[in-house]
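[1] Here is a sequence with its predicted model. Questions after.
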Amino acid sequence: MAAPHVPADHRTGTSDGEPRLDAADRRNGVAAGRVLAAGAFGLLLAIALNAQQLLREASQKPFGWERDASVAVWEPVESASSAVGLHLPRLWADEALGRTVTEPGGTQAPSADATSGTAPPVESEPGGGIVVAETGTGGEAAAIPTTRPDAVVVTDVTVAPAAAATPTPDDPLRLAVIGDSMVRFFGDTMVSLANETGVIEAATEHQLSSGLTRPDFYDWPARIVEVMATDDPDAVVLMYGGNDAQALVVDGQIARPFSDIWVGEYSARVGHMMDLVTTDPDRILIWVGQPIMRDPDFDHKMVELNKIYTAEAAARERVRYVDTRDLFRGPDGGFSRYVIDEAGQRTDVRLTDGVHLSTIGGQWLSQLLLDELGEMVDLSSGAAS
Amino acid sequence: MLFPTFVFGAFFVVVFVVNWLTRPHPALWKPLMLAASIVFYGWWSWRFVFLLLATIVINWVVGHYAAAALRESGPAAAALRESGSAAAALRESGPAGLSPSQATRWWIRAGVTANLGILGVFKYWDFFAVELSNLLESFGVSGALPVLEYTLPVGISFYTFQAMSYIIDIGRGHVREMAPLDFAVYLSFFPQLVAGPIVRAAEMAPQLAARPDPRYVPAAEAFGLILNGLFKKVVISSFLASAIVDGVFADPSAHSGLEVVLAVYAYAVQIYADFSGYTDIAIGVALLLGFRFPQNFDNPYRAVTLQDFWRRWHMTLSRWLRDYLYVPLGGNRRGRAATYRNLMIVMLLGGLWHGSTWNFVIWGGIHGGVLAVERLLREHRERTGMNPLLPPGIGETVRWLVTFHVVCLAWVFFRSESLSAAMEMLGAVANFGNYAGTATPLVIAVTFGALAFQFMPLDWFEELRDGFAGLGPVSQGAVVGLSLVAIDVLGPTGVAPFIYFQF
């Protein structure tokens, strides 16, 4: 784990950086051809042992030529590897580490580890390769107010009935905040704010790069069924869409994003998710719409997705759709990282990728959603009321 | 293109073969290596390739005219021109070095301004515009400055710093003007393009001119570094990030004080594993291509003073700041007060180098402040002849403990997303109860094991390397292949980009 264990200037050059090819270099050096042979053999061996995983990752790419090419490359390699049993050591290792392993291209079993899945970002997430918030550089200024502007307009498509029971500190409302990478950036904040009310017991889970178009990457319906059965939350917040503007499979055929078939199938999947949550008549669901995005093309796709969420929520009683676009509009009405708060200060609410929310943005959204929840459920007996 | 991916592996096999086949023919090798670097960089965003190329052109032109002006500036420069050796020229002209002409100075200033301008537009403008607008707003003055909201180009801080070192070194007579293609290859060289080490032209130019012998590729050393770096990044850094660091920093109030402290220690290990892992891979990859980079890390958590820490952490940035900022400011030659001021300026700007947030400024301020205090205490002890209060063994341990915790305190600001988040994190150290179960035996073992590793004897890595070197190609390949699979198995699915890519 530590740096290689000789003084720096013995390893990779002198401390002042002067290059040298000394006797040790000559003694330890080998011919480039031999290095190539060893390196290439090492890579081929790693590929052979790892072929199933490589094919699985290839098949989880967004549908298109890149996926087709990758699958075409790895399929025969995987067949050959499996035929001679070279895939077994990796399989055994995964099993020993308690990882669920599926056949390439098959449906991945739901994972309890909400942070482990990081498939390659799909095309619909601009800048998804570099998530700046990995190390906490959201860029907030000092003492920025965390209040959201009052002017926010929330689109209530349906009026959900209040939950039957009023939560109390002794009998709190169980809240689950679930979704894709967007939830990663506000889920913990929302849990923290919710728990501060004293009458909510919240939990969150997210799966990076996931959504509803690719159950072969992550099967959200299966996971939702599991969460409803085991945790039985009283209220659920769901947010998907950032990774969903990609092709999906309908009856074995690939449907292009936003074609009629695609819209029909995606709407059905959204509706199915809503139904899975609201099968319990005492449970309510808040579906969070996508905020305004920096990339115009990506933003247009998110607008189209929001229309689907709006329509599906409108068709169901205990589902409330919350529009978030107005919350994050910049001073000129379009996308901006810096939104004016109620104190008139520019506040950094988005990450540099133009997609995800900063800590402050996450606080704004969390407060908006808690306000929404407060309209659906009487939270007045809590500490923060 | 990320190092720990199959795509990079395939890319590098091709580059390796082309490198050694064409190296004897520089006219062929240089454009091919430049093309390889552009492909590597453009993999993220082809748009920023144009910014990189513009930086190359601007700095080469500035360097060219600065060098031309320098050639006119006297006998010492003539010595440089005649001997072809910067060291020889410096010997002939005395310890003060060459005296650049006014024109040279003008070109250097123009070049530095251009580089800082590029950095300013992409990295700092929005920060200052927002802060100034908010300040004016608080005094009732409206009229916000526009924000640009540009995406930060990967590695911009690294290659602009390299470019500045080139033109400044030309002015100082420490390096000769490079041919355009040589300079383009140097500035864009893919192993160190996006996250260092910050290699100076004086280190790279001789290697570009040399013809490395393809019979002596230090493969054992290179493979050792690459595998070590992959293990640090894919296994250690990723594990600690997902197992404790990300969760605790996201919501410290939901965790116990002990977990918060452990998360800070774990982040210290994570960022070291991440950055030094990248550096190891970069150095190993360069070695396989026949280039030797300066080292960037030397077991930094062994440091017993903060000054010692900066001799071990991100060493190429430390010496850049020392040579191009601290020394020109006067270093420690202008009295005590000026020395402390210079230390603080250097560290504050070093903090800002990482990013345009107040958190990085505070991170630099902590380092600058403690460096100044250390110096004050040392000078006081030397002046008064005061004996150390503690016996040597205990004193060393106490100094290590203090240094490590100062570094960790600064990491809290470095990692947190805002000042308030950092303060919340520090406040949560006093949390009693709220144990969230993140301090697992594995997390504790990895964190403290990694720290303890920095104190271990140095022999085994060389023994391992020598053992590897003695194997045949098939056995070496088997070791490499099995190690790659083991690292992939032990690491999480998918690997986040290196932390320092964003700087």
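    All right, it came through fine.

[2] Report the helix or strand with the lowest average pLDDT across chain B.
    Taking mean pLDDT, DSSP states H and E as the measure, the helix or strand of chain B with the lowest value is helix B:86-93, at a mean of 44.

[3] er, chain A I mean
    Here the helix or strand of chain A ranked lowest by mean pLDDT, DSSP H and E is helix A:8-11, holding a mean of 38.

[4] Now do stretch A:303-318: distance to the chain's middle.
    A distance of 21 Å separates the centroid of the chain from that of stretch A:303-318, by Cα atoms, centre = their mean, to the nearest Å.

[5] what comes up buried for it?
    By neighbour count with 16 or more other Cβ atoms under 10 Å in any protein chain shown, stretch A:303-318 contains the buried residues A:304-306, A:308-310, A:312-313, A:316, A:318. Using the backbone N, CA and C atoms, a C-beta is placed for each residue, glycine as well.

[6] Quickly list the domain ranges of the chain.
    This is for chain A. The record's domain split for chain A, according to automatic domain parsing, is A:8-96, A:132-376.

[7] oops, chain B please
    Segmentation of chain B into domains, based on automatic domain parsing, reads B:34-209, B:219-453.

[8] just how off-centre is stretch B:22-32 within its chain?
    Mean-position distance between stretch B:22-32 and its chain equals 29 Å (Cα atoms, centre = their mean).

[9] Looking at the domains of chain A, which one is packed in the most?
    For the domains of chain A, ranked by mean neighbour count under the definition mean count of other Cβ atoms under 10 Å in any protein chain shown, the leader is domain A:132-376 at a mean of 20.

[10] what's the average pLDDT for that domain?
    Predicted confidence along domain A:132-376 averages 85 (mean pLDDT).

[11] Repeat that for stretch B:213-223.
    Confidence over stretch B:213-223 (mean pLDDT, whole number) is 90.

[12] and what of stretch B:115-130?
    Computed over stretch B:115-130, the average pLDDT equals 91.

[13] contacting residues around that stretch?
    The contact list for stretch B:115-130 (Cβ atoms under 8 Å, 6 or more residues apart in numbering or on different chains) reads A:139, A:141, A:337-338, A:346, A:348, B:51, B:55, B:58-59, B:144-150, B:152-153, B:156-157, B:160, B:163-164, B:352, B:355-357.

[14] And the residue of chain B positioned farthest from its centre, what's its pLDDT?
    Using Cα atoms, centre = their mean, the residue of chain B lying farthest from its centre is residue B:140. It sits 41.6 Å away. At residue B:140, the pLDDT value in this model is 80.

[15] Where does it sit: helix, strand or coil?
    Counting by DSSP: H, G, I helix; E, B strand; the rest coil, the backbone at residue B:140 sits in coil.

[16] ok, which stretches of the stretch 51-200 of chain B are helices?
    Counting by DSSP state H, counting those that start in this stretch, the stretch 51-200 of chain B has these helices, from start to end: B:75-83, B:86-93, B:102-119, B:125-138, B:156-172, B:180-188, B:190-193.

[17] now the ones you listed as CSV including distance to residue B:368 and mean neighbour count?
    Output for those, formatted as CSV (distance: least, Cβ to Cβ, whole Å; neighbours: other Cβ atoms under 10 Å in any protein chain shown):
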stretch, distance to residue B:368, mean neighbour count
helix B:75-83, 36, 17
helix B:86-93, 31, 17
helix B:102-119, 20, 18
helix B:125-138, 19, 17
helix B:156-172, 19, 25
helix B:180-188, 30, 22
helix B:190-193, 27, 25
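
[18] Between those helices, which one is closest to residue A:187.
    Proximity to residue A:187 (Cβ to Cβ) singles out helix B:125-138 among these, at 26.4 Å.

[19] what angle sits between that closest one and helix B:102-119?
    Using axes from the mean of the first three to the mean of the last three Cα atoms, to 10 degrees, one finds that helix B:125-138 and helix B:102-119 are set 70 degrees apart in direction.

[20] hey, C-alpha coordinates of helix B:125-138 in PDB?
    Once non-C-alpha atoms are left out, helix B:125-138 reads as follows in PDB (Å, rounded to 0.1, in the frame of the first residue of the first chain):
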ATOM      1  CA  TRP B 125     -13.400  33.600 -12.800                       C
ATOM      2  CA  ASP B 126     -16.700  32.200 -11.600                       C
ATOM      3  CA  PHE B 127     -15.400  32.000  -8.000                       C
ATOM      4  CA  PHE B 128     -14.300  35.600  -7.900                       C
ATOM      5  CA  ALA B 129     -17.300  36.800  -9.900                       C
ATOM      6  CA  VAL B 130     -19.800  35.200  -7.500                       C
ATOM      7  CA  GLU B 131     -17.900  36.200  -4.300                       C
ATOM      8  CA  LEU B 132     -17.600  39.800  -5.500                       C
ATOM      9  CA  SER B 133     -21.200  40.000  -6.700                       C
ATOM     10  CA  ASN B 134     -22.400  38.700  -3.400                       C
ATOM     11  CA  LEU B 135     -20.200  41.100  -1.400                       C
ATOM     12  CA  LEU B 136     -21.500  44.000  -3.400                       C
ATOM     13  CA  GLU B 137     -25.100  42.800  -3.000                       C
ATOM     14  CA  SER B 138     -24.700  42.700   0.700                       C
END
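
[21] Could you check how far that helix is from the centre of its chain?
    A distance of 29 Å separates the centroid of the chain from that of helix B:125-138, by Cα atoms, centre = their mean.

[22] and the stretch 301-450 of chain B, which residues reach chain A?
    B:315-316, B:355-360, B:414-421, B:449-450 (Cβ under 8 Å from any Cβ of the partner chain).

[23] again, only using 7 Å
    Taking Cβ under 7 Å from any Cβ of the partner chain as the criterion, the neighbours of chain A within the stretch 301-450 of chain B are B:355-358, B:415-419, B:421, B:450.

[24] Can you give me every residue that contacts the residue lying closest to residue A:328 once chain neighbours are set aside?
    Nearest residue to residue A:328 in three dimensions, chain neighbours excluded: residue A:291, at 4.4 Å (Cβ to Cβ, 6 or more residues apart in numbering or on different chains). Contact criterion Cβ atoms under 7 Å, 6 or more residues apart in numbering or on different chains gives A:324-325, A:327-328 as the residues in contact with residue A:291.

[25] Of those, which is the nearest to chain B?
    Using Cβ to the nearest Cβ, residue A:328 is the member of the contacts of residue A:291 that lies nearest chain B, at 13.2 Å.

[26] wait, what's in contact with the closest one?
    If you count contacts by Cβ under 7 Å, 6+ apart, then residue A:328 has A:291-292, A:339, A:349-350, A:361 around it.

[27] still on that earlier bit, lowest-confidence stretch among the domains of chain B?
    Mean pLDDT is lowest for domain B:34-209 among these, at a mean of 84.

[28] Just the endpoints, please. Distance across that domain?
    With Cα to Cα, to the nearest Å as the measure, the ends of domain B:34-209 fall 15 Å from one another.

[29] before we move on, back to that, switch the contacts of residue A:291 over to TSV; also include secondary structure.
    Supplementary listing: the contacts of residue A:291 in TSV, determined by three-state DSSP:
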residue	secondary structure
A:324	coil
A:325	coil
A:327	helix
A:328	helix
